[in-house]
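could you work out the structure for the sequence below:
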Amino acid sequence: MISPRYFFNRLKDVKASDLAAVFPMLGALIVSPLFKKKYSHTWLICEEKAEARDNGYWFFRKMREEHPKQPCIYAIDKKSVDYKKVKDLGQVIQYGSFLHWVIYFTCERNISSQKGGKPNAVLCAFIELNNWYNAHNIFLQHGVIINDLRWLYADRSRFDMFVTSAVPETKYIEEKFGYSKGVVQLCGLPRFDNLHNRNVKRNRIVIMPTWRYWFNLKSKEQAGLDSDFLHSHYLKSWKALLESHKLAELIDEYKLEVIFYPHRNLQYHLPDMKKMISTKVTIASWKDYDIQELLKSSEMMITDYSSVFFDMVYMKKPVIFYQFDLEEFRKGQYEQGYFDYNENPFGKSCRNPDEVLSLLEGFIKSGYKCSKEYLTAHKRYFLYYDSSNSERVYKAVKQLRRK
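Coordinates of the predicted model:
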């Protein structure tokens with residue numbers, strides 16, 4: 001049963017669209033017995049509402065190409081730019097629709113890269129955490145977990161299977177998150193399958209910061225954290241890096257292509273950023289750039305705390321951490337887990353633009369080479385370094401017994 005404190009705190013983030021979703025949910029619940037036979041062996045797959053570019057997409061694609069006899073359905077907003085990527089692979093339904101609800105209540109497995117990858121995240125979390133319905137969730141994840149993510153603890157999530165991809169990550173989740181033995185499965189992320197064939201564009205640098213909860217969620221607002229994005233320390237700090245004369249000089253001297261790609265939860269601020277930031281850097285929209293292709297084609301990455309840096313590590317590419325607000329991040333976003341940004345083999349933590357750009361120039365001059373320590377740690381972190389991640393997930397899901 002969900003704790004009252006956790007429930008009432010989450011109520012702050014409920015939107016009108018969540019309340020409106022009650023009606024199709026109730027309707028689907030009533031008629032779902034009529035569709036039980038039809039969808040009882042179906043795997044329902046998705047990501048965010050408008051996306052087909054993460055582990056859900058790659059797993060769905062793998063299923064349609066190599067295991068077509070397994071019934072699979074992908075849910076996405078059909079108005080999305082990503083709809084064209086999945087529409088010809090197999091059956092696709094409108095995300096959040098009445099049919100999505102019906103299949104959610106009747107399918108064999110609900111498979112997503114997002115914890116909230118369901119017809120409505122709020123309502124589904126409420127009924128699942130109160131043990132009113134077991135959605136038979138397979139959590140594909142959307143990165144390598146490195147922090148203490150309490151919202152993914154077993155008492156706040158309902159997963160039959162929790163996919164991991166790194167050895168230290170797996171051990172940490174097994175010991176810390178409270179899941180029963182066998183729930184956490186080290187299979188590798190399905191999207192990693194596509195990271196081995198890459199075409200790097202010379203001197204392309206990607207800058208990819210993550211978001212901050214307190215810009216989007218009322219439940220995360222608290223004293224000491226500036227929730228006004230347009231006047232925030234966060235925006236000022238990234239602006240200082242992007243507008244740096246030193247960065248402009250590096251771009252000219254080494255003919256760099258630098259792409260700034262904000263987290264999807266901050267993409268709606270893109271017009272404001274383009275107005276407020278004067279730079280030679282491309283400020284990119286998620287609609288124009290496929291994130292995986294961007295990572296594959298880049299020489300290296302600059303980020304703050306985004307776990308997507310592990311995709312770069314997986315490809316043995318260098319990373320720089322620009323962490324101007326580490327104390328605030330730990331206070332309002334994620335508590336530290338097993339990974340220490342200050343003491344790790346993959347990248348150095350910087351607090352100001354000058355440090356970042358000094359390291360960047362060093363990597364440029366070295367031809368973007370990684371250290372021996374980095375490459376040794378890569379072998380220690382990744383048990384699997386191949387193109388069979390989706391296949392391992394498929395086999396692990398097939399072996400699960402429906403509870």
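
how about the helices in the stretch 151-300 of the chain?
Remark: helices assigned in the stretch 151-300 of the chain by DSSP state H, counting those that start in this stretch are 167-176, 213-216, 233-242, 245-254, 270-276, 291-297.

list the buried residues of the first one.
Put plainly, it is helix 167-176. When burial is assessed from 16 or more other CB atoms under 10 Å, helix 167-176 yields the following buried residues: 168, 169, 170, 172, 173, 174, 176. (Glycine included, C-beta is placed from N, CA and C.)

what's the local residue count around the residue lying closest to the first one once chain neighbours are set aside?
The spatially closest residue to residue 168, leaving aside those adjacent along the chain, is residue 338, at 5.5 Å (CB to CB, 6 or more residues apart in numbering). Around residue 338 sit 16 other residues, with neighbours defined as other CB atoms under 10 Å.

kindly report the same for residue 235.
20.

which residue is the nearest non-sequential neighbour of it?
residue 229 (6.2 Å).

my guess is that neighbour meets residue 270, correct?
No. Look at residue 229 against residue 270 with CB atoms under 8 Å: they stay out of range, at 11.6 Å.

contacts for the strand or helix carrying residue 17, please.
According to DSSP states H and E, residue 17 maps onto helix 16-20. Residues outside helix 16-20 that contact it (CB atoms under 8 Å, 6 or more residues apart in numbering): 120, 122, 123.

could you dump that helix to CSV, C-alpha only?
Output of helix 16-20 as CSV, limited to C-alpha atoms (Å, rounded to 0.1, in the frame of the first residue of the first chain):
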residue,chain,number,x,y,z
ALA,A,16,-6.2,18.4,-15.4
SER,A,17,-5.2,15.8,-18.0
ASP,A,18,-4.6,13.3,-15.3
LEU,A,19,-8.1,13.8,-13.9
ALA,A,20,-9.7,13.6,-17.4
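
tell me the buried residues in it?
So helix 16-20, judged by 16+ other CB under 10 Å, has zero buried residues.

show me where the stretch 251-400 of the chain has its strands.
In the stretch 251-400 of the chain, the strands defined using DSSP state E, counting those that start in this stretch lie at 257-260, 282-283, 300-303, 319-322, 335-336, 347-350.

to residue 143, which of the ones you listed lies closest?
strand 300-303 (11.5 Å; CB to CB).

the closest one pairs with which strands?
Next to strand 300-303 in the sheet, as set by DSSP bridges, lie strand 204-207 (parallel), strand 319-322 (parallel).

export those strands to TSV and append columns for mean pLDDT, distance to residue 100 and mean neighbour count.
Shown next, in TSV, are the strands paired with strand 300-303 (pLDDT from 0 to 100; distance: least, CB to CB, whole Å; neighbours: other CB atoms under 10 Å):
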stretch	mean pLDDT	distance to residue 100	mean neighbour count
strand 204-207	98	33	22
strand 319-322	98	37	24
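
and residue 91, which of the ones you listed is closest to it?
For the strands paired with strand 300-303, proximity to residue 91 was assessed by CB to CB; strand 204-207 is nearest, at 34.0 Å.

who's in contact with the closest one?
Against strand 204-207 from outside (CB under 8 Å, 6+ apart): 241-242, 256-261, 281, 294-295, 297-303, 360.

check stretch 362-374 too.
203, 250, 254, 256, 299-300, 313, 316-318, 320, 345-346.

and it, end to end?
Start to finish, the residues bounding stretch 362-374 are 16 Å apart (CA to CA, to the nearest Å).

avg pLDDT for it?
For stretch 362-374, mean pLDDT rounds to 97.

again with stretch 280-288
For stretch 280-288, the mean pLDDT works out to 92.

buried residues in that stretch?
Buried positions in stretch 280-288, judged by neighbour count with 16+ other CB under 10 Å: 281, 283, 284, 286.

could you tell me the least trusted of the helices of the stretch 151-300 of the chain?
helix 213-216 (a mean of 78).

now that one, how far from the centre of its chain.
In terms of CA atoms, centre = their mean, to the nearest Å, the centre of helix 213-216 is set 16 Å apart from its chain centre.

so where's the protein shaky on pLDDT?
Counting by pLDDT under 70, the chain has low-confidence residues at 1-13, 216-224, 402-403.

the same query, at a cut-off of 50, please.
The model of the chain has pLDDT under 50 over residues 8, 403.

what's near enough to touch the residue nearest to the spatial centre of the chain?
Geometric centre of the chain, nearest residue: residue 142, 3.5 Å, by CA atoms, centre = their mean. Residues in contact with residue 142 (CB under 8 Å, 6+ apart) are 47, 54, 55, 113, 114.

nearest residue to residue 152 other than its sequence neighbours?
Nearest residue to residue 152 in three dimensions, chain neighbours excluded: residue 177, at 6.3 Å (CB to CB, 6+ apart).

run a quick neighbour tally on the one you found.
Counted with other CB under 10 Å, residue 177 comes out at 21.

residue 156 is in contact with that one, correct?
No. Residue 177 lies out of contact with residue 156 (CB under 8 Å); the separation is 9.6 Å.

distance between stretch 389-399 and the chain's centre?
Distance, centroid of stretch 389-399 to centroid of chain: 20 Å (CA atoms, centre = their mean).

show me how the chain divides into domains.
4-191+387-399, 204-381 (automatic domain parsing).

would JSON lines of those with distance to residue 198 be doable?
Below are the domains of the chain laid out as JSON lines (distance: least, CB to CB, whole Å):
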{"stretch": "domain 4-191+387-399", "distance to residue 198": "12"}
{"stretch": "domain 204-381", "distance to residue 198": "4"}
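
before we move on, the earlier item: helix/strand/coil for the residue nearest to the centre of the chain?
The local conformation at residue 142, judged by DSSP: H, G, I helix; E, B strand; the rest coil, is coil.

tell me the phi and psi of it?
Backbone torsions for residue 142, taken as degrees, to the nearest 10, come to phi -130, psi 30.

same question for residue 129.
According to degrees, to the nearest 10, residue 129 has phi -70, psi -20.

also residue 256?
phi -80, psi 150.

what's around it, how many residues?
Around residue 256 there are 20 other residues, counting by other CB under 10 Å.
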